[in-house]
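Q: just to be clear, the model below is a prediction. Sequence and coordinates:
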Amino acid sequence: MQSVNVEVGNYTNLSSCVYLPFCEVRYVSECRTTIVKECEACNIHGANVILTVLIVSGVLVTVGNILVIASVVFDDKKRRTKYDIPKASLAFANLTTGVGLWVIDIPNVIWSLRQTPVSIGLYINQSISSPFAMGSAAWFTFLYSSSVYHLLYMSIQRLIGVRCPMRYRNLSYKKVYLHLFFVWCFSTLGSMPVLPGLAVEVIYRPDLFSFLPVLQKTDLSKTGSVLFVLIFISVPFVIMTVLTVITGVTLKRRKRFTNDTLTHNCRNQTVAVGDPESRSNLKNKLKENQGLITLVFLQIGFTGLVVPTFFAVVLDLADVIDCTHSALNFTLLYFSVPSSFVNVFIYIWRDKNFRLFMKRIVKIGTTSNENTSIMLSTRQ
C-alpha cells in the first residue's frame, strides 16, 4: 500500500489510506500536490456519476419517506391502523439516511475533488475520533440498527396479530407508542460502540466519503466491543431474518385457509352457504394477509440490500480487503442505501392507503397548475 507519510494511528488497516473510488492507485504518488479534479489518474466523469447517484438517492430517500410519514399523519384517523404507526416510525428512521447523505457524504465528495492526497491524509490524521467524526460514525451505525429494530418490531407485531388476534386487537395505541420508544432506545444502543472509552477509534474513509469506527490492534478490551456490536446489531438482524421465514410460513398457511373461493365471495360481499366465518372476518383475514405480504417484501428488500454491506464491513475488519479496493468498498457500502427508500416503492405497490394519498397529492398538484394557468391567461 502506498503512503503519503501521514501517521493515522494504530489500526488493523487503513493506515495512510487516501485512495478514492474514481482514482487509480497511482494517483497517490503522481498527484501528491495536485488537486484531485486536475489529476490525470482520476476519472472526473466517474466522480460526477458518484455525485449524481448520491444526490438522486438523497432525493428519493428524503422525499419518499416524508411522503410516507405524511400519509400516516394526515390520513383519516378512521382508516389508520396500529400497523401504520410503526410504518411512519420506520420511514422516519430511513429519513436519517437522507440526512446523512446531504450532511456528510455528498459534501465530502465535493470536498475531495478540491484536495490533494497529502491534504486528505492530513485531514485523516486531524479528524481521528474528533467530535464530528464520532457523531458521524454513531450516525452511520444508528442508520443500520434503527432499521433492523423497526423491522424486528413489525415482524413481532404481525405475528402476534396472526397467532393471537384478540391480544393484538386489544393493544392500545399508547402501548404501540411505548413499544416504539423502546425500539428507538435499542437503536441508539446499537450505535454506542463508537463512543469514547470503547475499543474503537473513528477514522475518515476517503474511499467511502464517510467516517467509520475501526478496531485498534492493541486494545485488550476490543472483544467486549465486538460482543457489544454482536448483541445489539447482529443478533437482532438474525432474529429478524428468522421471523421473516416464520412470517412467510404463516402467510402460506393463511393463504390456504383463505382460498380463492372465499376471496371471490368476500369481494362480492357474499358468504358461502354453511361458511362459519362472517364477511367482515373474511375481509379482516384478507387485510392481514396483505399486511404480511407487505412486511415480507420489506424484510426481503432490506436483507438483500444490506447483507452485502454487512459482509463488506466484516471483510474490511478482517483485512481481507483494504482501502486500495476503493471502488469495490464504495459499491458494497452504498449498495445498502436503496434499503432506505425501497419501502416507498413497496407501499406504492402494496399499500392501498398510501396509493390513495399519492393520488390526492397528484390531484392537488394538477388542480394548482390548472388554477395558475387560468390566472395567467386572465391577466393576459
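A: Cool, got the structure.

Q: contacting residues for the closest residue to F335 other than its chain neighbours?
A: Among residues not flanking F335 along the chain, P308 sits closest, at 5.0 Å (C-beta to C-beta, 6 or more residues apart in numbering). The C-beta positions use only the backbone N, C-alpha and C, and glycine is treated the same way. Residues near P308 by C-beta atoms under 8 Å, 6 or more residues apart in numbering: L332, F335, S336.

Q: show me the shaky parts of this protein.
A: 1-16, 76-79, 192-200, 214-233, 247-248, 250-251, 254-289, 291-292, 310-327, 365-380 (pLDDT under 70).

Q: what segments of the stretch 101-250 of the chain are helices?
A: 106-113, 117-126, 131-163, 165-169, 173-189, 222-229, 235-257 (DSSP state H, counting those that start in this stretch).

Q: residues near P21, how many?
A: By other C-beta atoms under 10 Å, the residues close to P21 number 23.

Q: my error: substitute Y123 in the last question.
A: Neighbour tally, Y123, other C-beta under 10 Å: 18.

Q: in the helix or strand where I348 lies, what's buried?
A: Using DSSP states H and E, I348 sits within helix 342-350. Within helix 342-350, the residues scored as buried using 16 or more other C-beta atoms under 10 Å are V342, N343, V344, I346, Y347, R350.

Q: can you tell me which of those residues is nearest R32?
A: V342 (41.6 Å; C-beta to C-beta).

Q: if you skip the residues just before and after it, what's nearest to the closest one?
A: Here the residue nearest V342, using C-beta to C-beta, 6+ apart, is G301, at 4.2 Å.

Q: now that neighbour: which helix or strand?
A: helix 279-317.

Q: the next helix or strand after that helix vs helix 131-163, what angle?
A: Note on helix 279-317: by DSSP H and E, the next helix or strand toward the C-terminus is helix 326-334. Helix 326-334 runs at 40 degrees relative to helix 131-163, counting by axes from the mean of the first three to the mean of the last three C-alpha atoms, to 10 degrees.

Q: okay, helix 326-334 in CSV with CA atoms only?
A: Provided in CSV are the C-alpha atoms of helix 326-334 (Å, rounded to 0.1, in the frame of the first residue of the first chain):
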residue,chain,number,x,y,z
SER,A,326,-11.7,1.7,-3.1
ALA,A,327,-14.3,1.3,-5.9
LEU,A,328,-15.3,-2.1,-4.5
ASN,A,329,-15.6,-0.8,-1.0
PHE,A,330,-17.7,2.2,-2.1
THR,A,331,-20.0,0.0,-4.2
LEU,A,332,-20.6,-2.5,-1.4
LEU,A,333,-21.2,0.2,1.3
TYR,A,334,-23.6,2.3,-0.7
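
Q: remind me what that helix packs against, helices and strands.
A: helix 44-73, helix 279-317 (3 or more C-beta pairs under 8 Å, 6 or more residues apart in numbering; DSSP states H and E).

Q: follow-up on the earlier one: any chance of the helices of the stretch 101-250 of the chain in a markdown table, plus distance to T33?
A: Shown next, in a markdown table, are those (distance: least, C-beta to C-beta, whole Å):
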| stretch | distance to T33 |
| --- | --- |
| helix 106-113 | 16 |
| helix 117-126 | 6 |
| helix 131-163 | 25 |
| helix 165-169 | 65 |
| helix 173-189 | 43 |
| helix 222-229 | 37 |
| helix 235-257 | 44 |
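
Q: out of those, which gets nearest to C39?
A: helix 117-126 (8.7 Å).

Q: now the closest one: buried residues?
A: Neighbour count says helix 117-126 has P117, V118, S119, I120, G121, L122, Y123, I124 buried, by 16+ other C-beta under 10 Å.

Q: got the phi and psi for the closest residue to S145 other than its chain neighbours?
A: Once flanking residues are discounted, S145 sits nearest to G190: 2.7 Å by C-beta to C-beta, 6+ apart. Backbone torsions of G190, given as degrees, to the nearest 10, read phi -60, psi -20.

Q: the nearest residue to F297 once chain neighbours are set aside: what's it in contact with?
A: Spatially, and ignoring its direct neighbours in sequence, F297 is nearest to I346 (5.0 Å; C-beta to C-beta, 6+ apart). Taking C-beta under 8 Å, 6+ apart, we find I346 in contact with T294, F297, L298, G301.

Q: make a markdown table from these and add neighbour count and distance to C23 to it.
A: Putting the contacts of I346 into a markdown table (neighbours: other C-beta atoms under 10 Å; distance: C-beta to C-beta, whole Å) gives the following:
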| residue | neighbour count | distance to C23 |
| --- | --- | --- |
| T294 | 21 | 42 |
| F297 | 17 | 38 |
| L298 | 24 | 37 |
| G301 | 18 | 32 |
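
Q: nearest to G161, of these?
A: Lowest distance from G161 to those (C-beta to C-beta) belongs to T294, with 12.7 Å.

Q: hmm, D351 and the closest one touching each other?
A: Yes - taking contacts as C-beta atoms under 8 Å, T294 lies within contact range of D351: 6.4 Å.

Q: now the residue nearest to F335: how far from N329?
A: 11 Å (C-beta to C-beta, to the nearest Å).

Q: can you check R114 too?
A: R114 is 22 Å from N329, by C-beta to C-beta.

Q: those two - which one has more neighbours?
A: With neighbours defined as other C-beta under 10 Å, R114 and N329 compare such that N329 has more, 23 against 11.

Q: test my guess that that one contacts L208.
A: Yes - counting by C-beta under 8 Å, N329 touches L208, with 6.1 Å between them.

Q: what's around W139, how many residues?
A: 19.

Q: who's in contact with it?
A: So W139 contacts T96, G100, I104, S191 (C-beta under 8 Å, 6+ apart).

Q: what's the most distant pair in these?
A: I104 and S191 (14.4 Å).

Q: among those two, which residue is more densely surrounded?
A: Higher neighbour count among I104 and S191: S191, with 22 against 18, using other C-beta under 10 Å.
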